[in-house]
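Undergrad: Only the shape, not the letters, is given here:
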């Protein structure tokens, strides 16, 4: 029967070193994206912990050469095509942009077929319809929303990014998948097991939450997705109750005698190691929050706090920012943590890695 220490150590399997970016992406199956840079985007913070020599922006720079696609499960991010096979085809109803501009999708679809690559600004110049509300309460061009809709449907793919802006092109690999899709049961089972492996070992309630978040990836298979989760936790995943919380993890994992991680790590708020805040609080005994969208006067941890780990334990957090070409770090530790020479030295070594990652050395 695993205890909290074993679960903490087992969670670190997600940080296993990988020889290169493609291998890391294949091993994870999904890397969540987020546009905030504090001090770098979420996807870069995740990958720098796993790929030696990784530099901020490498994923965006190398994306056209990788077996990589942008999609969603349970959140938006980057996938190897082998994982993306689980997500398509999607049967999508009429979207808001289609209701507001019923002819626009066909016009943008025609533009995509004429070009290998299409910038939203170019599409806007050719068939623009002004600006419309987006899912975040702001405004986007109607053509950008149309490109997003085609991407979600699997009729377009992101070919690359320029200064963070997505460029689109046709997606023949997804067209072929529409002709010969994987069986629904295999797709849904694969999705549930991917989430269990990426975020495991995790509370069963957290896996249920991840599956519920994934409903947007399978808009026509909500009931079947729920059934796949129920089958997995009942018959396919390993499980145990640890201090009142039922945990699940892939059946092939061996948790006994798992090695305890060494040294200091500072990870991003969307890293699989800390993404599940329920698990974080149960395993480490304190609640960690991302407060980027919290008013400054109400923040406890700071704008974009990155958890600090010493060994397998979360012992504090750091806010990092670049000013005048220098990395500024504000580190705080939870009550009871002794700031020994080993800990402070480990933090400084980790900050040196961040300076190299941010090309500040």
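TA: Received, thanks. Quick caveat, the model's predicted, so the values are computed rather than measured. Numbering: from 1, shown residues only.
Undergrad: Can you tell me how far the residue lying closest to residue 145 once chain neighbours are set aside is from residue 151?
TA: Leaving aside its sequence neighbours, residue 145 sits nearest to residue 97 (C-beta to C-beta, 6 or more residues apart in numbering; 4.4 Å). (Each C-beta comes from the backbone N, C-alpha and C, glycine too.) In this view, residue 97 and residue 151 are 12 Å apart by C-beta to C-beta, to the nearest Å.
Undergrad: Neighbour count for these two, which is higher?
TA: residue 97 (24 against 20; other C-beta atoms under 10 Å).
Undergrad: Please identify the helix or strand for that one.
TA: Assigned by DSSP states H and E, residue 97 falls within helix 96-100.
Undergrad: helices and strands around that helix, which ones?
TA: Counting contacts by 3 or more C-beta pairs under 8 Å, 6 or more residues apart in numbering; DSSP states H and E, helix 96-100 is packed against helix 104-114, strand 131-133, helix 142-153.
Undergrad: TSV for the ones you listed, including distance to residue 45?
TA: Listed next are the helices and strands packed on helix 96-100 as TSV, based on distance: least, C-beta to C-beta, whole Å:
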stretch	distance to residue 45
helix 104-114	32
strand 131-133	30
helix 142-153	24
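Undergrad: Mean neighbour count, those: which tops it?
TA: Among the helices and strands packed on helix 96-100, helix 142-153 has the highest mean neighbour count (mean count of other C-beta atoms under 10 Å), at a mean of 23.
Undergrad: Measure how it sits relative to helix 104-114, angle-wise.
TA: In terms of direction (axes from the mean of the first three to the mean of the last three C-alpha atoms, to 10 degrees), helix 142-153 departs from helix 104-114 by 80 degrees.
Undergrad: Just the residues contacting the helix or strand that helix 142-153 is followed by, thanks.
TA: Later in the chain than helix 142-153, the nearest helix or strand by DSSP H and E is strand 156-162. Contact with strand 156-162 is made by 60, 63-64, 69-70, 112, 116-117, 119, 147, 150-151, 166-171, 173-174, as judged by C-beta atoms under 8 Å, 6 or more residues apart in numbering.
Undergrad: List only buried entries from those.
TA: Buried members of the contacts of strand 156-162, scored by 16 or more other C-beta atoms under 10 Å, are 60, 63, 69-70, 112, 119, 147, 150-151, 166-171, 174.
Undergrad: you'd agree residue 274 is up against residue 283?
TA: No. When contacts are counted by C-beta atoms under 8 Å, residue 274 is not listed as touching residue 283 (10.0 Å).
Undergrad: hang on, the earlier thing: how far off centre is the helix holding residue 97?
TA: Relative to the chain's own centre, helix 96-100 is displaced by 28 Å; criterion: C-alpha atoms, centre = their mean, to the nearest Å.
Undergrad: Show me which residues of it are buried.
TA: In helix 96-100, counting by 16+ other C-beta under 10 Å, buried: 97-98.
Undergrad: Now it: average pLDDT?
TA: Across helix 96-100, the average pLDDT comes to 87.
Undergrad: again with stretch 149-162
TA: Computed over stretch 149-162, the average pLDDT equals 96.
Undergrad: Now do the end-to-end distance for that stretch.
TA: Using C-alpha to C-alpha, to the nearest Å, one end of stretch 149-162 lies 20 Å from the other.
Undergrad: Equivalent analysis for stretch 144-164, please.
TA: Stretch 144-164 end-to-end distance (C-alpha to C-alpha) = 14 Å.
Undergrad: how far is that stretch from where the chain is centred?
TA: So, by C-alpha atoms, centre = their mean, the centroid of stretch 144-164 is 18 Å from its chain's centroid.
Undergrad: Could you shift the numbering so residue one becomes 782, and keep it that way?
TA: Will do, 782 is the new start, and the previous item becomes stretch 925-945.
Undergrad: low-scoring stretches of the stretch 882-1031 of the chain, by residue?
TA: Applying pLDDT under 70 to the stretch 882-1031 of the chain flags the ranges 909-921.
Undergrad: returning to what we had before: just list the residues touching the residue nearest to residue 926, thanks.
TA: Taking C-beta under 8 Å, 6+ apart, one finds 885-886, 913, 923, 926-927, 930 in contact with residue 878.
Undergrad: Of the contacts of strand 937-943, which belong to helices?
TA: Per DSSP state H, helices hold the following members of the contacts of strand 937-943: 841, 893, 928, 931-932, 954-955.
Undergrad: Looking at the residues you listed, which one is closest to residue 1108?
TA: residue 841 (20.7 Å; C-beta to C-beta).
Undergrad: and the gap between the closest one and residue 1086?
TA: For residue 841, the distance to residue 1086 equals 24 Å [C-beta to C-beta].
Undergrad: can you give me the strands in this protein?
TA: Applying DSSP state E to the chain gives strands spanning 812-813, 850-853, 857-860, 912-914, 920-922, 937-943, 946-951, 983-984, 1018-1023, 1026-1031, 1045-1047, 1087-1091, 1094-1104, 1107-1114.
Undergrad: counting contacts, what elements does the third one pack onto?
TA: Right, strand 857-860. Using 3+ C-beta pairs under 8 Å, 6+ apart: strand 857-860 touches strand 812-813, strand 850-853.
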